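1. Only the shape, not the letters, is given here:
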């Protein structure tokens, strides 16, 4: 089965108070590309699929689509939600996967250079393989035939509509054209070229990921340490708060019984300590953003994550002695490419049309 993994939904919305929720929008957009690529790599390791391609959206053609969204990512905890559909529109599952990085992860030498989030993607890949095992060989072959026809129909709906039924939600394969059907042969040749174009995009995603790797790894480690420090500070603050409440109660009792005021001064000191601990926990969370040492990494991540759409250099591509210049981000270039392919197909159907 050929898998399409569109870049993840970064989980951003106008309803989110980014500061309050501790969400860094630019980082999330960069992660949207990175997470799709890591999932691809974990699926490849299973040796159970055909081509696995990361794409700018779900307009690319494949047998199975994995739509991911980021629910949480703070360096210590990562949670993703995956929805898997096949080319017929049938949903295989919708499920969340989460992982908490072990406190000792960065203390273990063999973890050097490893991404602490990988286990969540390994778990997801294994789950997808289990779901695949529920399908028979005939069912999977039928899906691949449906993929060919849906791609063909995107160029000439009238030529292939008798073989497809669409009920508003799902596609059903009603039959197959003959193997020597000229239009089917033609669209299969176009699809091969389309796959090569998407394969080229994989290099762009790999380059993007390598560009952010060092800065992102530093952010993960810093955020993990900050999270642990904040957690310890909160626990300490809770303990001190309990002590403070008891102290206040004792002070009141002491005052009521005519005790001296020295103990009340101690109560004030303890409550100030509690306040300081809580404030310290809040300040710790901002250290990666304000540390001069981390500034170059922070700026790099912000630059990479300004847009969810992967930036791709303008390129001139050719197909059957015709060329087109593609510009813009990956999403825009893919749309221009598909329009180019359709224009070539229509020109062959009606040669009198000028290209």
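-> Right, received. Where do you want to start? Computed from a predicted model, the values in this text were never measured in an experiment.

2. Which helix or strand in this structure has the lowest average pLDDT?
-> Least confident helix or strand of the chain, by mean pLDDT, DSSP states H and E, is helix 262-284 with a mean of 42.

3. what about the helices in this protein?
-> Secondary structure of the chain by DSSP state H: the helices cover 18-21, 25-45, 118-132, 137-153, 157-160, 182-256, 262-284, 287-290, 295-304, 330-349.

4. rank these by mean pLDDT and give me the bottom one.
-> Per-stretch mean pLDDT for the helices of the chain is lowest at helix 262-284 (a mean of 42).

5. ok, now which ones touch the nearest residue to residue 341 once chain neighbours are set aside?
-> Excluding its sequence neighbours, the residue lying closest to residue 341 (Cβ to Cβ, 6 or more residues apart in numbering) is residue 190, at 5.6 Å. C-beta coordinates here come from the backbone N, C-alpha and C atoms, glycine included. The contact partners of residue 190, taken as Cβ atoms under 8 Å, 6 or more residues apart in numbering, are 155, 341, 344-345.

6. For residue 38, state which of these is nearest.
-> Set against residue 38, the nearest of those by Cβ to Cβ is residue 341 (29.9 Å).

7. mind checking how far that closest one is from residue 4?
-> From residue 341 across to residue 4, the span is 17 Å (Cβ to Cβ, to the nearest Å).

8. More neighbours: the two, which one.
-> In this view residue 341 and residue 4 are compared by other Cβ atoms under 10 Å, and residue 4 has more residues nearby, 23 against 19.

9. count of residues packed around the residue lying closest to the more buried one once chain neighbours are set aside?
-> Spatial nearest neighbour of residue 4, excluding adjacent residues (Cβ to Cβ, 6+ apart): residue 62 at 3.6 Å. Residue 62 is flanked by 23 other residues according to other Cβ under 10 Å.

10. any idea how far residue 131 is from residue 62?
-> To residue 131, residue 62 is 16 Å away according to Cβ to Cβ.

11. neighbours of the nearest residue to residue 195 once chain neighbours are set aside, just the number please.
-> With Cβ to Cβ, 6+ apart as the criterion, residue 195 has its nearest non-adjacent residue at 7.0 Å, and that residue is residue 51. Neighbour count for residue 51, taken as other Cβ under 10 Å: 15.

12. Surely residue 51 and residue 5 touch.
-> No. Residue 51 sits out of contact with residue 5 when judged by Cβ atoms under 8 Å, with a separation of 11.1 Å.

13. circling back to that earlier point, next one: phi and psi at the residue nearest to residue 195?
-> Residue 51 adopts backbone torsions of phi -70, psi 140, taken as degrees, to the nearest 10.

14. got a list of what it touches?
-> Residue 51 touches 2-3, 62, 195, 199, counting by Cβ under 8 Å, 6+ apart.

15. how deep is residue 204 tucked in, by neighbour count?
-> Neighbours of residue 204 under the rule other Cβ under 10 Å: 18.

16. ignore the last one, residue 320
-> 11.

17. show me the contacts for it.
-> residue 344.

18. where does it land on pLDDT?
-> Note on residue 320: pLDDT of 77.

19. any idea how far it lies from residue 199?
-> From residue 320 across to residue 199, the span is 18 Å (Cβ to Cβ).

20. How about residue 102?
-> For residue 102 relative to residue 199 (Cβ to Cβ), the value is 36 Å.

21. Those two: who's more crowded?
-> More neighbours surround residue 102 than the other of residue 102 and residue 199, with 14 against 11 (other Cβ under 10 Å).

22. Now do that one against residue 196, distance only.
-> As judged by Cβ to Cβ, residue 102 and residue 196 stand 42 Å apart.

23. try residue 55
-> According to Cβ to Cβ, residue 55 and residue 196 sit 14 Å apart.

24. again, but for residue 134
-> According to Cβ to Cβ, residue 134 stands 32 Å off from residue 196.

25. Show me which of those two is the more surrounded one.
-> Counting neighbours by other Cβ under 10 Å for residue 134 and for residue 196 shows that residue 196 has the greater number, 11 against 8.

26. Can you give me the domain assignment for this structure?
-> Domains of the chain are assigned by automatic domain parsing as 3-190, 219-304.

27. between those domains, which one is nearest to residue 324?
-> Across the domains of the chain, residue 324 has its closest neighbour in domain 3-190 (14.0 Å, Cβ to Cβ).

28. Tell me the gap between that closest one and the middle of its chain.
-> 10 Å (Cα atoms, centre = their mean, to the nearest Å).

29. just checking, residue 336 touches residue 324?
-> Yes. Between residue 336 and residue 324 a contact is recorded at 6.9 Å, counting by Cβ under 8 Å.
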